[in-house]
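Novice: need a structure here:
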Amino acid sequence: MDTILTITQLTSLVKESLQSQFSGISVEGEVSNFTKAASGHWYFTLKDESSSLSAVMFKQASWKVGFIPKDGDRLIVKGSLSVYAPRGSYQIICESMVASGVGEILLLLEKRRAEFAALGYFDQERKKSLPLYPKTVGVVTSSTGAVIQDIIKTLDRRTQAVNVILLPAIVQGELSPASISAQIEFANRHNLVDILIVGRGGGSLEDLLSFSDQQVIEAIVASDIPIISAVGHESDWALSDYASDVRASTPTAAAEIVSESWLTLQKNIGQVRQSLHLLMQHKLSLLHASARSVNIGRLGELLQQKVEYTSLFSDDLHQRLHQRFDTLLQLRKHSYTLLSSLLESLSPSCVLQRGYAIVTKNKRVISSKHETEVDDILQIHLSDGEIEVTVDHIKEDESEH
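Specialist: Residues are numbered from 1 along each chain as shown. Take a look at the predicted model:
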């Protein structure tokens, strides 16, 4: 007997079969009946000339898309087929979506990105630091777009220290890569600026293709001047964002990056100025309070007291100096007396008075018998005169034998 299935069982088998056979597929079609539910999920139908397919994109996947589709848009969605059991109908659960035609551009950009990465164009080691206080910034962008005006207004609002040089370039179309790269090379050749901002306003992925062109990327990599890439709005991107030294989410954000250090310096100067002003006010308040506390009527009395005090201090100082001088003089006199007595006691006349004599030969003092010979004439000096004698004998000491 044939197996009899319930509707639920059959639907489950079909669902398993579809999910296993049709996973990770891409489908292109036109949007109709688009609905955004309160839950955040998107429900719509994809159709072509002869068929239609129900589609759903859940909230956790839809926030990555970057745009909200509308009826009539042509999309490429990627996802898996499934069965919605209550209606017994199949649908595609979308994991990602892009506008039709964008898929080819994304593939091209991914190919270029891989090539440039292999060449080291995106390496962090080759990126240059921005100067802390740039004086001149160059902007490579359209001369008629809003970008240059936004940058000038932002810099004027934040600081007056940075000058802006516009390097006009074509930013879209076949001629734009050569135009953009030529201005980057021109700025480097003439060393025009401290920083370059390279960018444009928002647009489709195709509109921004010039900033992913090989010619532009190579000019950015070869630049000796630090470059900020500022392409489109925050959700937009280009390969120049990877190759540049700094990526800014918008041209206005690029101007904010350039002026940040100047703005911080101005704030610090303002804080110091305010602190000095408050300190001076406080000092003046103290002086005013001190002045108010003085009794003008007592100024003469206070001055007289000051004079009297100074006079007393002067007299006291004079007296102490005089006493100190007298004491020092007495000490010097005493020292002189002692030294004179000591010198007197050591003088030759004093020695002679104690019974000693001085013996000389030919006016030279002799102190040893070995300095004389028999028949030498010697002079003996005593305290009260001089005796001249002739040596007739020199006695030998017994210790010398």
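
Novice: Leu18 - nearest residue in space that isn't next to it in sequence?
Specialist: Leu81 (4.3 Å; C-beta to C-beta, 6 or more residues apart in numbering). Any C-beta I mention is one placed from the backbone N, CA and C, and that applies to glycine too.

Novice: how far is the helix or strand hosting the one you found from where the chain is centred?
Specialist: Per DSSP states H and E, Leu81 falls inside strand 74-84. With C-alpha atoms, centre = their mean, to the nearest Å as the basis, strand 74-84 stands 51 Å off its chain's centre.

Novice: now stretch 9-24
Specialist: Taking mean C-alpha positions (C-alpha atoms, centre = their mean), stretch 9-24 and its chain are 60 Å apart.

Novice: Next, count neighbours for Lys153.
Specialist: Neighbourhood size, Lys153 [other C-beta atoms under 10 Å]: 13.

Novice: where along the stretch 101-250 of the chain do the helices fall?
Specialist: 102-118, 146-158, 176-189, 214-222, 240-243 (DSSP state H, counting those that start in this stretch).

Novice: buried residues in the fourth one?
Specialist: Neighbour-count burial for helix 214-222 flags 215-221 (criterion: 16 or more other C-beta atoms under 10 Å).

Novice: tell me which of those is nearest to Thr3?
Specialist: Ile217 (63.1 Å; C-beta to C-beta).

Novice: The closest residue in space to that closest one that isn't next to it in sequence: what's it in contact with?
Specialist: Closest residue to Ile217 apart from its sequence neighbours, by C-beta to C-beta, 6+ apart: Ala243 at 4.8 Å. Taking C-beta atoms under 8 Å, 6 or more residues apart in numbering, we find Ala243 in contact with 116, 121-122, 217, 220-221, 229.

Novice: So which residues make contact with the helix or strand bottoming out on mean pLDDT in the chain?
Specialist: Sorted by mean pLDDT, DSSP states H and E, the helices and strands of the chain end with helix 348-353, the least confident at a mean of 73. Helix 348-353 is contacted from outside by 344, 358, 381-383, using C-beta under 8 Å, 6+ apart.

Novice: can you list the weak-confidence ranges in the chain?
Specialist: For the chain, the stretches with pLDDT under 70 are 1, 5, 101-104, 294-300, 397-401.

Novice: Report the central residue of it.
Specialist: Leu132 (8.1 Å; C-alpha atoms, centre = their mean).

Novice: do you know how far that residue is from Glu260?
Specialist: According to C-beta to C-beta, to the nearest Å, Leu132 stands 9 Å off from Glu260.
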